[in-house]
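Student: sequence and computational prediction follow.
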Amino acid sequence: MSEKRKFKKRFCKYCEQKVDFIDYKDVASLKYSLSERFKIMPRRLTGNCKRHQDMVTISIKQSRAAALIPYTVSRKVVAGAPFDDRSY
Amino acid sequence: MRHYENLVIVKPTLTEEEIKNTLALVEEVITSNGGEIIGRDAMGMKKLAYPIEKNVRGYFYVMYYTVAPSAISEIERRFRINEEILRFVTMKYDSKREIKAWNTMVEKTKKTVAAAPAPVAPVAETTTEEVAS
């Protein structure tokens, strides 16, 4: 019996596309590395490599300063997100 | 001369014409300090990620330009004086890789300008995703 591999091997998404520079205005691509509360996701969960993780964190912090991404999201907003239409 | 990028958020309470005027003033600040604006990108009226000075929205405007590095402190000082500007973010593009990215971004703005000749057109964003704050 051969050993079973417990975890799927992850690859850096940015390395595959050969990204050289991450723009802070491109919010859609940064969302990949953000949790639903807009915290920066750790490398072990996203599978980013060290080099690209550093680039992502810098550009996320830049876009926070530019009010494109929130710093924190309150509990109310996170809980209320799926029921946006109700507007309470 | 160094490559820079400036993002400016203008107050949403102003009328269309006032926004135009303040943007002209902002560009005048850069050009009067020896800068050369190469690309402009109006991102339009957007919802802010968090309220700034009790404003929920803002008019986003991005400029790509080259100036001598010594002029940046003066430009930022003039921005701080202007009360119509909620927030500004200055970016420096120094290394080879960054300058390459800067060039591609400038080209992208040129394409969008060619597609839509009216740069100042504050389109009201869809209010469906309104979140109770």
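Tutor: Ah, there it is. What you see is a predicted model, and the numbers here were worked out from it, not measured in a lab.
Student: list the buried ones in the lengthiest helix in chain B?
Tutor: Of all the elements of type helix in chain B, the one with the most residues (DSSP state H) is helix B:96-115. Residues of helix B:96-115 classed as buried: B:98, B:101-102, B:105-106, B:109 (neighbour count, 16 or more other Cβ atoms under 10 Å in any protein chain shown). The C-beta positions use only the backbone N, C-alpha and C, and glycine is treated the same way.
Student: out of these, which touch chain A?
Tutor: The overlap between the buried residues of helix B:96-115 and the neighbours of chain A (Cβ under 8 Å from any Cβ of the partner chain) comes to B:98, B:101, B:105.
Student: got a list of contacts for the longest helix of chain B?
Tutor: If you take Cβ atoms under 8 Å, 6 or more residues apart in numbering or on different chains as the criterion, helix B:96-115 is touched by A:20-21, A:23, B:3, B:5, B:38-41, B:62, B:64, B:93, B:119.
Student: output the lowest mean pLDDT helix or strand found in chain B.
Tutor: The helix or strand with the lowest mean pLDDT-type score in chain B, counting by mean pLDDT, DSSP states H and E, is helix B:96-115 (a mean of 85).
Student: which residues of chain B fall in strands?
Tutor: B:2-10, B:36-52, B:55-67, B:85-93 (DSSP state E).
Student: pop out the phi and psi values for residue A:53.
Tutor: phi -60, psi -40 (degrees, to the nearest 10).
Student: how close does it sit to residue A:44?
Tutor: Distance, residue A:53 to residue A:44, using Cβ to Cβ, to the nearest Å: 10 Å.
Student: looking at those two, which is more packed in?
Tutor: Legend: neighbour count by other Cβ atoms under 10 Å in any protein chain shown for residue A:53 and residue A:44, higher for residue A:53 (19 against 8).
Student: residue contacts, the more buried one?
Tutor: Residue A:53 neighbours (Cβ under 8 Å, 6+ apart): A:33, A:43, A:46.
Student: how about the contacts made by residue A:30?
Tutor: A:22, A:24, A:56, A:59-60, A:63, A:69.
Student: what is the nearest of those to residue B:74?
Tutor: residue A:24 (23.9 Å; Cβ to Cβ).
Student: so, low pLDDT: which residues of chain A?
Tutor: Scanning chain A for pLDDT under 70 picks out A:1-10, A:78-88.
Student: identify the residue spatially nearest to the spatially most central residue of it, adjacent ones excluded.
Tutor: Chain A has residue A:33 as the residue nearest its centroid, 1.2 Å off, counting by Cα atoms, centre = their mean. Leaving aside its sequence neighbours, residue A:33 sits nearest to residue A:56 (Cβ to Cβ, 6 or more residues apart in numbering or on different chains; 4.8 Å).
Student: what count of nearby residues applies to residue A:12?
Tutor: Neighbour tally, residue A:12, other Cβ under 10 Å: 17.
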